[in-house]
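Asks: need a structure here:
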Amino acid sequence: MQGQTAFWIVAMLVLLALAFDFMNGFHDAANSIATVVSTGVLKPGQAVVFAAFFNAIAIFVFGFAVAATMGKGLVNPAIVDIHVVFGALIGGITWNTITWYYGIPSSSSHALAGGIIGAAVTKAGASAVISSGIIKIVIFIFVSPILGFVLGSLLMVAVAWICRKTAPSKVDRIFRRLQLASAAAFSLGHGGNDAQKTIGIIWMLLIATGYSAAGDKSPPLWVAISAYCAIGAGTMFGGWRIVKTMGQKITKLKPVGGFCAEGAGAITLFLNTFMGVPVSTTHTITGSIVGVGSVQRASAVRWGVAGNIVWAWIFTIPASAFVAAVAYWVSLQLF
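Replies: Numbers count the residues shown, from 1 in each chain. You can find the predicted model right below:
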């Protein structure tokens, strides 16, 4: 791409990617703050500022392994152009908007991945897809909530055993303080994993249009700073519709349960981020909450609500891929 018109198209797509990142923070704010709000440890306004801060400072903790997976590991970089990036972003943004409106905690990560796949396949066919990258994401659709479930259950059992001789009022008081640490850790993991997905697609765009070299091991610094600030700003505005589902409808949580759910979710996110696996914070925290609730008793979990969430997970990639395919075709007519 050459010329001033090409520059402004690239700039527009970068802003669109940052808008997706903002929406990611807005949409997934519930993941970071639902448990700490539902247990009454923080008020909603306090919680969003708290979570946004830790979303943003994740830039100093994690590298760019997830960004590399999203930008170079899902589809053949050689077929990527402005139309593929436009289609991918519209697919992700559209699905996020629909699920936010209906209060469904779906995955922004998988919406973006589905958008990339849908636009790339529309342009170049199934051969454009890098199967190893897609398999990794699909496997962790199941692994991340299961790991969250197992860790949440184990943490809850361990805490129950350690505190078995402690008065319930004292346990509640202790874990009200500890839940601040677990919420901070989960918000840090959320920012670290999710902001990198936007970094990845902007990096993909810059390589495709010649503004960045394909051999670079990390994206431009301004891309990273912009993405982390955007997701932090999105979290500041919060997604209150989804907070209600995550914090109240799946299971009732006390501070000790909130600590275990957030702790399990944070461990899962940290592991996957360092491995370069783009996982869903929504899947992770949902699995952790269900694990904590199931330790109390199976009936403590509203399995119907959890089941509806799982259906949203299943439909996310194909639905966003379909929208991206349409958006790719529309972009060909526009520019």
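Asks: drop to CA atoms for contacts and neighbour counts, all remaining ones
Replies: Noted.
Asks: Retrieve the pLDDT associated with residue 104.
Replies: Confidence at residue 104, expressed as pLDDT, is 70.
Asks: same check, this time on residue 145
Replies: Note for residue 145: predicted pLDDT of 87.
Asks: gap between it and residue 279?
Replies: Computed as C-alpha to C-alpha, to the nearest Å, the residue 145 to residue 279 distance reads 10 Å.
Asks: Neighbour count for those two, which is higher?
Replies: Residue environment comparison for residue 145 versus residue 279 gives the larger neighbour count to residue 279, 31 against 26, counting by other C-alpha atoms under 10 Å.
Asks: Isn't residue 71 up against residue 206?
Replies: No: applying C-alpha atoms under 8 Å, one finds residue 71 not in contact with residue 206, separated by 10.1 Å.
Asks: buried set for the strand or helix carrying residue 145?
Replies: According to DSSP states H and E, residue 145 maps onto helix 131-162. Under the neighbour-count criterion of 16 or more other C-alpha atoms under 10 Å, helix 131-162 has 133-134, 136-137, 140-157, 159 buried.
Asks: all helices in the stretch 1-150 of the chain, in order from the N-terminus.
Replies: Secondary structure of the stretch 1-150 of the chain (DSSP state H, counting those that start in this stretch): helices located at 3-38, 44-57, 65-72, 82-101, 108-124, 131-162.
Asks: and if you look at the stretch 151-300 of the chain?
Replies: If DSSP H, counting those that start in this stretch is used as the criterion, the helices of the stretch 151-300 of the chain fall at 168-208, 221-237, 240-244, 255-275, 281-296.
Asks: Below-threshold pLDDT in the chain: ranges please.
Replies: The chain contains residues with pLDDT under 70 at 1-5, 29-32, 103, 105, 238-253, 296-313.
Asks: Apply 80 and report the result again.
Replies: In the predicted model of the chain, residues 1-5, 26-48, 99-108, 236-254, 282-283, 294, 296-314 satisfy pLDDT under 80.
Asks: Residue 88 reaches residue 109, doesn't it?
Replies: No: with contact defined as C-alpha under 8 Å, residue 88 does not count as touching residue 109 (11.6 Å).
Asks: higher neighbour count, the two?
Replies: Comparing residue 88 with residue 109 by other C-alpha under 10 Å, the one with more neighbours is residue 88, at 31 against 27.
Asks: Now that one. Nearest residue, chain neighbours left out?
Replies: Once flanking residues are discounted, residue 88 sits nearest to residue 115: 3.8 Å by C-alpha to C-alpha, 6 or more residues apart in numbering.
Asks: how many other residues sit next to the one you found?
Replies: Neighbours of residue 115 (other C-alpha under 10 Å): 36.
Asks: count of neighbours near the nearest residue to residue 70 once chain neighbours are set aside?
Replies: Nearest non-adjacent residue to residue 70, counting by C-alpha to C-alpha, 6+ apart: residue 200, 5.1 Å away. When neighbours are defined as other C-alpha under 10 Å, residue 200 has 27 of them.
Asks: got the contact list for residue 200?
Replies: 66-72 (C-alpha atoms under 8 Å, 6 or more residues apart in numbering).
Asks: Residue 71 and residue 206: which is more packed in?
Replies: With other C-alpha under 10 Å as the criterion, residue 71 and residue 206 differ in neighbour count, and residue 71 comes out ahead with 26 against 21.
Asks: Relative to residue 24, how far out is the more buried one?
Replies: Distance check for residue 71 against residue 24: by C-alpha to C-alpha, it reads 17 Å.
Asks: same thing with residue 214?
Replies: Summarising the geometry, the distance separating residue 214 from residue 24, computed by C-alpha to C-alpha, is 26 Å.
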